[in-house]
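Peer 1: Test case, fold it:
(chains A, B and C)
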Amino acid sequence: MQKVLEGNHAISWGAKASDVKVIAAYPITPQTQIVELLSEMCTSGELDAKFIKVESEHSAMAAVIGSAAAGVRSFTATSSHGLLLMHEMLHWAVGARLPIVLANVNRAVGPPWNIWTDQNDSLSQRDTGLLQIYCESNQEVFDTTLQAFKVAETVSLPAMLVLDAFFLSHTSEIVDVFGAETGKKYLPPFKPVDFLDPDNPKAFGNLTGPDYYYELRHKIHKDHLRAIDVARRADAEFGKIFGRSYGLVEEYRTEGAETILVTSGTITSTARVVIDERRERGEKLGLLKIRLFRPFPLEDVRRVLTRARKVLVIDRNIGFSIGGIFAQEIRSALWNTRVHVPLFSFIAGIGGRDVTPGVLNEILDIASAVEYPEQETYWIGVKDEELSYTGR
Amino acid sequence: MRNFPIPEDELMTSGHLACQGCGATQAMRFALKALGKQTVIVMPACCWSVIDGPFPHSAVQVPVFHTAFETAASCAAGVKAGLDMRGDHETAVLAWAGDGGTFDIGFQALSGAAERNDDIIFACYDNEAYMNTGVQRSSATPFGAWTTTTPHPHTKSHPKKSMFEILAAHRIPYLATASVAYPNDLVDKFRRARGIRGMKFIHIIAPCPAGWKSAPEKTVELARLAVQSRLFPLVEVWQGKYYLVKKDLPYKPVTDYLSQQGRFAALSEADIGRIQADIEERWEELLRKEQLGGPVPGNA
Amino acid sequence: MSSKKRDFRDESEMPLSAVAADDMRWNKTGSWRNIKPFYDPKTSPCIASCPAGENIQGYIELAREQRYEEAARLIWQNNPFPAICGRVCYHPCMDGCARGSLDRSVFIPAIERYLGDYAIEHGLREKRPEKTLDDKVAVIGGGPAGLSCAFFLAKKGFRVTVFEAKPLMGGVLRYGIPEYRLPKTVLDAELKRIEDLGVEFRPDSIVGKDVTLEELGQYSAYFVGIGLQTSRRLGIENENSKGVMAGLEFLEKINTGEPVEVGKCVVVVGGGNTAMDVARSSLRQGAHVTVVYRRTRDEMPAIEDEVHEANEEGVHFRFLSTPVGVIAKNGRITEIRCQEMELGEPDESGRRRPVPKEGAYFNMPADSLLVAIGEKPESKMFEAVCSISSGLIVTDEYGRTSNRKIFAGGDVVSGASTVVNAVARGRGAAEVIAAELSGKQFDPKKTKKVVAIADLNTAYFLQKDRAQMPRSDGARGRRPFAEVNMGLTCEQVQEEMSRCFSCGVCDGCDNCYVFCPDVAISRHDGTYTIDYDYCKGCLICVQECPRGILSTESEGK
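Peer 2: Model prediction:
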């Protein structure tokens, strides 16, 4: 069934198609429409779920931790400060191995207050152990909701799907959606290994000393690694049933590419256009979209990027002093490969500033002008004459 | 003749890690006797996080979910929702928090659950300070008490937060205080709570010999004197309006209670006078509220 | 859940997350303990303070369950006279009773009396011993000491003969204590129980006259419990006047129904129980009675209740006064001259010594002067066979005299004492006699530790008023010698017994079991067991035991 949906509503539809049983959420711009629509769905009965309207995101995550521990499929959504407030509980959900799915609408972090898109909120959760999937379109958002549950439940880890504020969250596109009955073809009912069961009483999360904590953390690491192939199969299976799949990373026109641009989220869509244009002009350019950020699809990234002569990474986020966070990840992925590829790290679009074809062209121009990056990090479009790279 | 005809079932085992004479442990034992096996406990950071024992062991024989410090109420609400969605409407969900996880860090989530009328029992075993971390003051610490963060001579300068009145103001279906010295009463209250839908809050005074600097054998005595001195009256409130105050207990001056605890060793005569006066004022207020509310409705 | 400690050797054995499916019982927290509680049932303070060692707590417990017969029989194990002692005993048990620390001590004698009367009303008899022994034992003196000794010897199978100088058995119980305190029917009933046990009563048998020492020597052993017979005299001017009479002599007349004229104005000298009996009996003759006592009310040796009742009935008291002379007319008393006294330094009894006040004299009119200032023994006839000092027979604490075959007890050994003391001594001697005649070493029973009142937890007991003893019209009534204290009703006794704490004796209240934070106490068939594998030694069980059952010992860690 095709519908015109904004990204937020695509998530709501995705949660419905996943037949979630418990939702707990707290309003925050630009996530609000997700829970508004879910509230309506719960109220009308088209979605048979309990919606706990908590008093904070921290409680939202705590509540879905509780419901997931009780053995039912659980969902929440948030953004920015809400996600940061959840941070402690993200660690908790991971340690408790609860396959909760969380939708995060990427939004900048204050102060100052800023509601526009920016990845620093989600990337701040990098080491919680949460699985992270970055989406490019509203269709991908819908589809990824189901895929996220599939992967999360297979490896018993929580997952976060991430979409850009406004560019996706409030932008309407045609989305092919379906309901829970169809969803079941792909996502069977949740069957937890252990849950809070009075007939088989067990205690979850008791004090654990260095003797076992280490192994329990090792298990999470192993399952993260396992999740890469699980995610690949989950995507493939989705494709088999519904005809749409996205890969863990997506290569776009990388055949013969000497320079590969690495993007995530909606910048990818703009980049496709720019790549097409510059390919027309004979430039050997390609694009790599990172969809799965955690677990990090190391081999996929290596396979693509070690073929390139230059790697350009665009980050709508910043790890102060060290640079873009995707760039760091990719730089570290390319280490130990026996191949040395120069990596250009670009910061762009922070706080919701548009990353236009012009911005992307500027980036490509900078990289094409030199063999090797002259700076560790390029801040593109900063209102500072001295920092204008254009024309160099 | 048995003083306490409470259920025989033991859902808490020996071997737990509580200190000698731990009131919180007695409280758990009694609460579980009342609630029975069809119970899930949600436990935020508190003494019980340790008492319960190390992985892969647990001293309670019902499901326990250990959760973060501030999430007892919210996590319990989630567990309840989950159980409901599994079709299990019988199992009681017990949020089991210390005073920190109730009065301080857990306060927001508790207020949220209370306002939403989530169908859980929130029990606070109150030992009046952060005992698990080594006796730091909380907003449940009473006036004049020594803690490691209210050292002599600057013992706590403000009275304890009245959680009870705050919860009453939420007009939740059922609210009660209990003391480990009165197991029958405690068990009755948990049973009553189990039978009521919506938010239930039970505030239990649970002496801590280590933190109160009292003799371990005095735990029950102190829990009794707290009640008999009217410092911690036994009260039930339905819908925030209908009060029932237990009044037929012997009265003891608060000095009987204070004098057996090292944490109050530095109280002056004037301090004791202030505490006594406060008790009397609050007691009168409680009786006025009881009068004002009138008889407890039959359907309460 | 399993109670074994689970260890993982390999990561693959571990669950996905920290999920625990085993309990904590592997963790033997008993190793934390440095002081150990243990069940240590103790003697109730009432029992410890009863000279006869009656199992007061025990009979109350039985009676609370309406097992009155068993309760009465339990008393008989220590005292054959519950109906008597329930009336006349000075009840030191009540001074010992721990309930006094909460409100007022339990009215133990009223309970004992109820059970004694129950036994009488239901014609309960002590069981005869299964076999009769060859040894014959004689008892000299049919008072409480001798009868007690006879009773306990007979229960053991000895053939016992009691020689009594007077025409009837009972001694002071019959000839000393007036009817209004101890009805003769009650006395007779309890004596009959002894006789029914096979004890031979030989009244009108005066040693040296009706029975010789040689004859007594033919018994395997004999017990002397002859009490005190002779009243002390004041030693003042005109003491031989008509109208001056010894207290005991007066009481004997009253108790045997012999007519006695005391006139309208009676003065009684003395402050003991005999003085009270004399005063109240005189009152019942219609007289105006004044007791003259040289110290104050606080120093009076009489039972407090007796003084109180005498006062209530209208006996007057003149304290700090002592007669110094009798003023007689025609050989008959008309007035008494008294001197005022004041209290000086304490004497050897601990009471402040009365000292005459220089020049302070007064006269009192008197038709009779009844002297009750104490009695002396008549023990001369035994001088030849055992050692005697100041008229009292010398014994060890078990009643053994200097003569292996002769035992003694009661007032003739201790001087003026109490009925219950005599009963206790009689029983004690019976135990020794029985042991020695059977060739065994006498082994006094070891008594358990006595509960200290501080060891009780009275928080578990509610305040409750003591039962009120119903009274008859008393001295001024239609039947002045009718018994004053009429006894409690069954309901009253039950109420009163509910006030008993059962100190030192577990009644299965569950406090230890319920309050144990370590679930280390279990209950099976009404008894509790501490599991020392888990007991951390917090001692809440000790503290919360209402009855002081648990004791502690250091484990020195």
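
Peer 1: List the buried residues of stretch C:455-467.
Peer 2: Within stretch C:455-467, the residues scored as buried using 16 or more other Cβ atoms under 10 Å in any protein chain shown are C:455-457, C:459, C:461, C:466-467. (Glycine included, C-beta is placed from N, CA and C.)

Peer 1: out of those residues, who's nearest chain B?
Peer 2: Chain B lies nearest to C:Ala459 out of the buried residues of stretch C:455-467, by Cβ to the nearest Cβ, at 6.0 Å.

Peer 1: Would you tell me which helix is longest in the chain?
Peer 2: Reading this off chain A. helix A:210-242 (DSSP state H).

Peer 1: if you could check chain C rather than the one you did, that'd help
Peer 2: helix C:419-437.

Peer 1: quick check, distance from it to the centre of its chain.
Peer 2: 15 Å (Cα atoms, centre = their mean, to the nearest Å).

Peer 1: got the CA positions of that helix in PDB?
Peer 2: Extracted in PDB, the C-alpha atoms of helix C:419-437 (Å, rounded to 0.1, in the frame of the first residue of the first chain):
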ATOM      1  CA  VAL C 419       3.800 -21.600 105.800                       C
ATOM      2  CA  VAL C 420       5.300 -21.800 102.400                       C
ATOM      3  CA  ASN C 421       8.800 -22.000 103.900                       C
ATOM      4  CA  ALA C 422       7.700 -24.800 106.100                       C
ATOM      5  CA  VAL C 423       6.200 -26.600 103.100                       C
ATOM      6  CA  ALA C 424       9.400 -26.200 101.200                       C
ATOM      7  CA  ARG C 425      11.500 -27.400 104.100                       C
ATOM      8  CA  GLY C 426       9.300 -30.400 104.600                       C
ATOM      9  CA  ARG C 427       9.600 -31.300 101.000                       C
ATOM     10  CA  GLY C 428      13.300 -30.700 100.900                       C
ATOM     11  CA  ALA C 429      13.800 -33.000 103.900                       C
ATOM     12  CA  ALA C 430      11.600 -35.700 102.200                       C
ATOM     13  CA  GLU C 431      13.900 -35.600  99.200                       C
ATOM     14  CA  VAL C 432      17.000 -36.100 101.400                       C
ATOM     15  CA  ILE C 433      15.400 -38.800 103.500                       C
ATOM     16  CA  ALA C 434      14.300 -40.700 100.400                       C
ATOM     17  CA  ALA C 435      17.800 -40.500  98.900                       C
ATOM     18  CA  GLU C 436      19.600 -41.500 102.000                       C
ATOM     19  CA  LEU C 437      17.200 -44.400 102.800                       C
END
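
Peer 1: Show me what the mean pLDDT comes to for the longest helix of chain A.
Peer 2: Across helix A:210-242, the average pLDDT comes to 98.

Peer 1: Check which helices and strands the helix or strand that that helix is followed by is in contact with.
Peer 2: Per DSSP states H and E, the first helix or strand lying C-terminal to helix A:210-242 is strand A:249-252. Packed against strand A:249-252 by the contact rule (3 or more Cβ pairs under 8 Å, 6 or more residues apart in numbering or on different chains; DSSP states H and E) you find helix A:267-280, strand A:285-290, helix A:298-305.

Peer 1: Can you report how many residues lie near the residue in the stretch 151-300 of chain C positioned nearest to chain A?
Peer 2: Chain A sits closest to C:Lys155 of the stretch 151-300 of chain C, with a gap of 61.5 Å, by Cβ to the nearest Cβ. When counting by other Cβ atoms under 10 Å in any protein chain shown, one arrives at 23 neighbours for C:Lys155.

Peer 1: Make a markdown table out of the buried residues of stretch C:455-467 and add distance to chain A.
Peer 2: As requested, the buried residues of stretch C:455-467 are exported to a markdown table (distance: Cβ to the nearest Cβ, whole Å):
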| residue | distance to chain A |
| --- | --- |
| C:Asp455 | 39 |
| C:Leu456 | 40 |
| C:Asn457 | 36 |
| C:Ala459 | 36 |
| C:Phe461 | 40 |
| C:Arg466 | 52 |
| C:Ala467 | 53 |
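
Peer 1: highest average neighbour count across the helices and strands packed on strand A:249-252?
Peer 2: Among the helices and strands packed on strand A:249-252, strand A:285-290 has the highest mean neighbour count (mean count of other Cβ atoms under 10 Å in any protein chain shown), at a mean of 25.

Peer 1: residues from chain C in reach of chain A?
Peer 2: C:1, C:8, C:11, C:14-21 (Cβ under 8 Å from any Cβ of the partner chain).

Peer 1: Mind doing that once more with 6 Å?
Peer 2: Chain C comes close to chain A at residues C:11, C:14, C:16-21, as judged by Cβ under 6 Å from any Cβ of the partner chain.

Peer 1: out of those residues, who's nearest B:Ile204?
Peer 2: Within the residues of chain C next to chain A, the smallest distance to B:Ile204 is 24.6 Å, found for C:Ala20 (Cβ to Cβ).

Peer 1: who's that closest one bridged to?
Peer 2: A:Ala203 (DSSP bridges).

Peer 1: And the pLDDT for it?
Peer 2: Note for C:Ala20: predicted pLDDT of 94.

Peer 1: Repeat that for C:Glu69.
Peer 2: Per-residue confidence (pLDDT) for C:Glu69: 97.

Peer 1: That one: neighbour count?
Peer 2: By the criterion of other Cβ under 10 Å, C:Glu69 has 15 neighbours.

Peer 1: mind checking how far it is from chain B?
Peer 2: Counting by Cβ to the nearest Cβ, to the nearest Å, the gap from C:Glu69 to chain B is 22 Å.

Peer 1: Quick check: nearest residue in space to residue 232, chain neighbours excluded?
Peer 2: The chain I'm using is chain A. A:Leu248 (5.8 Å; Cβ to Cβ, 6 or more residues apart in numbering or on different chains).

Peer 1: nope, chain B
Peer 2: B:Ala226 (4.1 Å).

Peer 1: quick one: that neighbour is in a helix?
Peer 2: Yes: read with DSSP: H, G, I helix; E, B strand; the rest coil, B:Ala226 is one of the residues of a helix.

Peer 1: so it touches B:Ile205, yeah?
Peer 2: Yes: the pair B:Ala226 / B:Ile205 is scored as a contact, 5.0 Å apart, by Cβ atoms under 6 Å.

Peer 1: Since that was my last question, I'll sign off now.
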